[in-house]
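S.K.: Let me see the structure of the following:
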Amino acid sequence: MSIAFLSAVLIVGALLGWTLRKLNTLTAINRQLMRVSLWALLMAMGAKLALHRALFGSDLGIFFAAVGSSVAITVVFFLLFRVAAQRKRKAGGNYGHRARENISLNTQKAPRLTDGQDDGGFREILSIVANLAFIFTGFLIFLLTPEHHAGRFPIDTFTDWLLRALLFFIGFDLGIEFHRLDLRQLSPGLLFLPFLNITLSLAVGLLFGLLTSLGARGGALLTAGMGWYSLSSVMLAERGMMLISILAFIHNVFRELLAILCAPFAARLSPLLPVCLGGATSMDVMLPFVQRYSGREYTLVSFYSGIICSIAVMPLIKVISW
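M.R.: Take a look at the predicted model:
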């Protein structure tokens, strides 16, 4: 799906939501449809894992190296935002209230999913368990389905249509709530967020490559996909880098998966952290999770960041692999 098409779907949904914002019944229906579509998307992710299980199990050394690199990126982002939060508290910043963001990473708390009572993260744990359950259900269904039947199901087409529907529903919800959003808290400095994301992702890849047998170039190629597993793995395979292609596919699949699973807790630390974890997927797959856990204000930030990261993938891989 093209970036222009996804943008158009989001905009059309937003305009329609704004036009019909006074119809409370339609609002409730839209949010229920968004919830069901999200569950279906998680099941589709599980199905894709089942369909590619032969690739994941072909060489456990390769598998664990690729997963380890995606875990490393997740941990680095968490640590970075944690340090930023601690420094802000020491500086006397008002960590518990909304404040203007700056380019040094916003560490204000995301909107709570509760009625204001601190539940110690219990609701976030429930969200992670629920997300895992849907992913596992999709995985189990396709694992138990005979291979010749599972292979016929157009899972990629099904996922594409789900993403289009989700973007429309998210846009519709944004249109309904737009007059209530306080977009003044979003600093112009957020324009640099995707570039920071790209820089940190490449830096982690370089370091990971230097610490393993991949080397600096291989490590950078591993993370240059920014979560876009379908594009990066194909580009690397076309250049004859089959091992890196397999590693990149697994790495980016699990970067996306970890971003989704970590989103509830990541948003407690900073509403921008789920956006960074998603990388290129922040414009589509991660968008509903950002909206749910970080707040509607950050939906546009997430979409913008995902677009920039997606645009960067192709030139990054071409330059690094040249």
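S.K.: can you tell me which residues contact the spatially most central residue of the chain?
M.R.: The geometric centre of the chain, computed from its C-alpha atoms, lies nearest to Gly278 (Cα atoms, centre = their mean), at 2.7 Å. In this structure, Gly278 makes contact with Gly227, Glu256, Ala259, Val285, Met286, Phe289, Val290, Ser302, Ser305, Gly306, judged by Cβ atoms under 8 Å, 6 or more residues apart in numbering. Where C-beta positions appear, they are placed from N, C-alpha and C, glycine not excepted.
S.K.: you'd agree Leu163 is up against Met286?
M.R.: No - under the criterion of Cβ atoms under 8 Å, Leu163 is not in contact with Met286, lying 10.9 Å apart.
S.K.: circling back: which pair in the contacts of Gly278 spans the largest distance?
M.R.: Glu256 and Ser305 (14.5 Å; Cβ to Cβ).
S.K.: These two: which is more packed in?
M.R.: More crowded of Glu256 and Ser305, by other Cβ atoms under 10 Å: Ser305, with 29 against 23.
S.K.: which ones are touching the more buried one?
M.R.: Leu193, Pro194, Asn197, Val275, Cys276, Gly278, Ser282, Met283.
S.K.: which secondary structure element contains the nearest residue to it once chain neighbours are set aside?
M.R.: Leaving aside its sequence neighbours, Ser305 sits nearest to Pro194 (Cβ to Cβ, 6 or more residues apart in numbering; 4.2 Å). Under the criterion DSSP states H and E, the helix or strand holding Pro194 is helix 193-211.
S.K.: could you say what helices and strands that helix packs with?
M.R.: Packing partners of helix 193-211 (3 or more Cβ pairs under 8 Å, 6 or more residues apart in numbering; DSSP states H and E): helix 60-90, helix 215-223, helix 273-278, helix 297-321.
S.K.: Give me the residues contacting that helix.
M.R.: Identification of contacts with helix 193-211 by Cβ under 8 Å, 6+ apart yields 68-69, 72-73, 76-77, 80, 105, 214-224, 226, 272, 275-276, 279, 301, 304-309, 312, 316.
S.K.: Only the buried subset of these, as a ChimeraX command please.
M.R.: Selecting the buried subset of the contacts of helix 193-211 in ChimeraX, with 16 or more other Cβ atoms under 10 Å as the burial test, is done by:
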select :69,72,73,76,77,80,105,214,218,219,220,221,222,223,224,226,272,275,276,279,301,304,305,306,307,308,309,312,316
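S.K.: That'll do, ta.
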